[in-house]
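Engineer: Take this sequence and fold it.
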Amino acid sequence: MRIGVTYDLKSDYLARGFSAEDAAEFDCEDTIAAICAALAVQGWEVVRIGNVHRLIEQLGAGVRYDAVFNFCEGMNGVAREAQVPAILDAYAIPFVFSDALTMALSLDKALAKRVVRDCGVPTADFAVIETLDDVGKVCLSFPLFLKPVAEGSGKGINARSRVDDVAGLHATASALLAQFRQPVLVERFLPGREFTVGLIGTGETARVLGVSEIVQKGNYVGHGYGFENKHAWEDKVDILPATDDAARDAGRVALAAWRALRCRDGGRIDVREDGEGRAQFIEVNPLAGLRPDYSDLCFIAKFNGLSYQDLIDAIMQAFLQRHPQLDPRG
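Structural biologist: Modelled structure (predicted):
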């Protein structure tokens with residue numbers, strides 16, 4: 001069986017003049033190499049495709065694959081993570097991870113919160129600022145937390161993200177609108193413990209892989225697990241296994257949100273406690289990082305006794321439950 005691998009390589013975008021924050025969501029060479037090696041061990045014939053443009057070129061030239069391991073973040077638009085899934089659906093090529101609808105929905109944090117809230121999953125009260133005129137319409141009690149509505153990897157989250165008054169709300173919203181040119185999500189600030197939950201599977205067969213806690217250290221920047229804290233994390237956070245009652249509550253909230261958003265195969269959901277210690281959905285990452293010994297999902301797997309190969313095996317087993325005819329091992 002022949003499997004293609006789609007991805008955006010960080011070095012390609014840095015070479016084109018993108019900043020480290022602009023390219024934060026893209027992948028390092030060692031990540032793609034590790035994924036390809038793990039797939040080869042499973043018996044797949046692995047072909048590296050690259051980004052969405054390379055995929056379009058190959059499909060246009062008549063190249064086909066039995067399946068695609070889609071790890072493409074995309075570059076343009078708020079539905080950028082849905083571009084490759086939509087193209088693969090058009091060509092009836094099965095692919096690993098969530099479909100175009102879920103990818104587009106989950107990248108818009110406000111829309112995702114509306115869906116999970118409607119499904120009974122607890123999430124902090126929120127508002128959306130599309131223009132500065134909307135600042136005066138925000139009817140939430142301070143403190144509040146602001147971030148771009150459709151970014152990942154902590155982009156736009158910094159020391160100014162928590163605001164305590166209208167002046168701060170206006171200033172941070174103005175800066176985010178100017179920098180990211182997209183709406184701003186405003187949430188009631190959650191002061192409690194922060195967890196990230198790894199999930200494997202689809203629908204009713206989905207399960208919690210494990211839970212880790214993000215514990216702040218002395219050099220932590222601001223009040224959220226943002227860009228600076230994520231990408232130079234060693235002196236800012238401890239990432240620790242979490243197995244107590246609070247972690248189990250976080251897992252239950254995450255699993256309910258995973259199913260509500262129809263996520264597939266594997267990924268991660270962030271959860272944080274409110275002032276009463278109740279777990280609240282923050283956001284979902286259906287295309288979670290897979291950099292060995294660096295990404296949160298890899299840490300969660302390791303905490304639970306799984307090697308990198310085991311993690312990719314679990315993701316692919318979930319995919320093969322949906323497409324058993326594609327099992328390269330027969």
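Engineer: Which strand or helix spans residue 6?
Structural biologist: Taking DSSP states H and E as the criterion, residue 6 maps to strand 2-7.
Engineer: partners of that strand, with directions?
Structural biologist: Strand 2-7 has the following strand partners under DSSP bridges: strand 45-50 (parallel), strand 67-71 (parallel).
Engineer: Now do that strand, average pLDDT.
Structural biologist: Throughout strand 2-7, pLDDT has a mean value of 98.
Engineer: what comes up buried for that strand?
Structural biologist: Buried residues in strand 2-7, counted by 16 or more other Cβ atoms under 10 Å: 3, 4, 5, 6, 7. Backbone N, C-alpha and C define where each C-beta goes, glycine included.
Engineer: need the helix or strand of the chain with the lowest average pLDDT.
Structural biologist: Lowest by mean pLDDT, DSSP states H and E among the helices and strands of the chain is helix 227-231, with a mean of 60.
Engineer: most packed of the strands paired with strand 2-7?
Structural biologist: strand 67-71 (a mean of 25; mean count of other Cβ atoms under 10 Å).
Engineer: Just the CA trace of the helix or strand following that one, in CSV.
Structural biologist: Per DSSP H and E, the first helix or strand lying C-terminal to strand 67-71 is helix 83-90. C-alpha atoms of helix 83-90 as CSV (Å, rounded to 0.1, in the frame of the first residue of the first chain):
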residue,chain,number,x,y,z
GLN,A,83,-7.6,22.7,2.1
VAL,A,84,-5.8,19.4,1.8
PRO,A,85,-8.7,17.3,3.2
ALA,A,86,-11.2,18.9,0.8
ILE,A,87,-8.9,18.2,-2.2
LEU,A,88,-8.4,14.6,-1.1
ASP,A,89,-12.1,14.1,-0.7
ALA,A,90,-12.6,15.4,-4.2
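Engineer: From the chain's centroid, how far away is helix 83-90?
Structural biologist: Remark: helix 83-90 is offset 19 Å from the chain centroid, using Cα atoms, centre = their mean, to the nearest Å.
Engineer: ok, residues contacting the strand holding residue 6?
Structural biologist: Strand 2-7 is contacted from outside by 27, 31-32, 35-36, 39, 44-52, 54-55, 58, 65-72, 84, using Cβ atoms under 8 Å, 6 or more residues apart in numbering.
Engineer: Please read off the pLDDT at the residue nearest the centre of the chain from the model.
Structural biologist: Central residue of the chain (Cα atoms, centre = their mean): residue 285, 2.2 Å from the mean position. Note for residue 285: predicted pLDDT of 96.
Engineer: And residue 92, how close does it get to residue 58?
Structural biologist: 15 Å (Cβ to Cβ, to the nearest Å).
Engineer: Where does residue 134 sit: helix, strand or coil?
Structural biologist: Three-state assignment for residue 134 (DSSP: H, G, I helix; E, B strand; the rest coil): helix.
Engineer: who touches it in this structure?
Structural biologist: 127, 128.
Engineer: Roughly how far does it sit from residue 14?
Structural biologist: 34 Å.
Engineer: Validate this expectation: residue 247 resides in a strand.
Structural biologist: No - counting by three-state DSSP, residue 247 is not found in a strand; it is helix.
Engineer: I figured it was touching residue 213, is that so?
Structural biologist: Yes - with contact defined as Cβ atoms under 8 Å, residue 247 counts as touching residue 213 (7.0 Å).
Engineer: joint contacts of the two?
Structural biologist: residue 195.
Engineer: okay, residue 92 and residue 58: which has more neighbours?
Structural biologist: residue 58 (17 against 7; other Cβ atoms under 10 Å).
Engineer: Just list the residues touching the nearest residue to the more buried one once chain neighbours are set aside, thanks.
Structural biologist: Leaving aside its sequence neighbours, residue 58 sits nearest to residue 49 (Cβ to Cβ, 6 or more residues apart in numbering; 6.3 Å). Going by Cβ under 8 Å, 6+ apart, residue 49 touches 4, 5, 6, 7, 55, 58, 68.
Engineer: If we use 7 Å, what do you get?
Structural biologist: 4, 5, 6, 55, 58 (Cβ atoms under 7 Å, 6 or more residues apart in numbering).
Engineer: Relative to the whole chain's centre, how far out is the strand holding residue 6?
Structural biologist: With Cα atoms, centre = their mean as the basis, the mean position of strand 2-7 lies at 20 Å from the chain mean.
Engineer: do stretch 319-330 as well
Structural biologist: 25 Å.
Engineer: end to end, how far does it reach?
Structural biologist: Taking Cα to Cα, to the nearest Å, stretch 319-330 runs 15 Å from one end to the other.
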